[in-house]
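S.K.: predicted model follows, preceded by the sequence.
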Amino acid sequence: MVHNLVDRAGMGILRMGLRSLMYGRGFPQFQEAPGSVEVTMDAQFLRPAITVLALDNQDRYGIPELLILNSVFERGYVSVRVLEEQLRRLVPSPWDALQHAVDRITAVEFCGSSEGVFVRVSREWMELLDVSRVFRVSSNSHKHVDLYKYLKRHGDASNADIRDVLDHSYSSQTSRFLRDAKYVERKGSGPSARWSLI
């Protein structure tokens, strides 16, 4: 089968990945063997909605954007951690690439819950991306997103820092919020305790 995906030396992996994602296929899987590399790709598969979005935004969409669109197609959402893990092998700074990609894709948005932070399809794009069920999040979704972004930027934070980030009036609100959040962990106790992402 001729894929016509590689046309310059040194660009093969990214070129194959980008072309695959543009047509709604998964990112190729590479497995090294003695003296060779085995490449596994989805064959003869096309997701028209992703192809249209990719071709309409050729100058703006790269691997991070296309990976997000393929990940949320039909499902409606994907964990930020899953995306970061996939991007870790492809870009130098996965979190930065992910934030920029979500900003560029009008069809998706960040959201959060006590389980973590996700990228989900915006309601007005659900039909095009073949999503049949809304991914529901808590009413304080934006606070989970704000906390996640803050901890990604600073590494860790005290209760007082987080209370300011979350705009809570009382320390007890912050303590309850952090106790329920499954994506953070506490090190230390009392006033010197620090919170970070798991």
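M.R.: All right, it came through fine. Residues are numbered from 1 along each chain as shown.
S.K.: just the pLDDT for the residue located most distally from the centre of the chain.
M.R.: Most distant from the centre of the chain: Gly35, at 34.2 Å, with distances by C-alpha atoms, centre = their mean. With respect to pLDDT, Gly35 has a value of 79.
S.K.: same question for Asp42.
M.R.: At Asp42, pLDDT is 64.
S.K.: same thing with Ala9?
M.R.: Looking at Ala9, the pLDDT reads 41.
S.K.: use 2 as the first number from now on
M.R.: Let's use 2 as the start, then, which means that last one is Ala10.
S.K.: so who does Trp96 touch?
M.R.: Glu85, Lys153 (C-beta atoms under 8 Å, 6 or more residues apart in numbering). Every residue, glycine included, has its C-beta placed from N, CA and C.
S.K.: apply 6 Å and report the result again.
M.R.: Each residue near Trp96 by C-beta atoms under 6 Å, 6 or more residues apart in numbering is listed here: Lys153.
S.K.: Glu85 versus that one, what's the distance?
M.R.: 6 Å (C-beta to C-beta, to the nearest Å).
S.K.: could you do Gly36 as well?
M.R.: 33 Å.
S.K.: report the residue ranges of every domain in this structure.
M.R.: The record's domain split for the chain, according to automatic domain parsing, is 13-31+44-138, 156-198.
S.K.: by mean pLDDT, show me the worst of those.
M.R.: domain 13-31+44-138 (a mean of 88).
S.K.: distance from that domain to the middle of the chain?
M.R.: Put simply, domain 13-31+44-138 sits 7 Å off its chain's centre (C-alpha atoms, centre = their mean, to the nearest Å).
S.K.: which helix of this structure spans the most residues?
M.R.: Criterion DSSP state H: the longest helix present in the chain is helix 142-155.
S.K.: which helix or strand lies directly C-terminal to it?
M.R.: Next in sequence after helix 142-155, counting helices and strands by DSSP states H and E, comes strand 157-158.
S.K.: what packs against the helix or strand just after that following strand?
M.R.: Beyond strand 157-158 on the C-terminal side, the first helix or strand identified by DSSP H and E is helix 160-167. Applying 3 or more C-beta pairs under 6 Å, 6 or more residues apart in numbering; DSSP states H and E, one finds that helix 160-167 contacts helix 142-155, helix 172-181.
S.K.: could you give the angle of the first one to helix 160-167?
M.R.: Here helix 142-155 runs at 130 degrees with respect to helix 160-167, directions being taken by axes from the mean of the first three to the mean of the last three C-alpha atoms, to 10 degrees.
S.K.: nice, that's everything, thank you.
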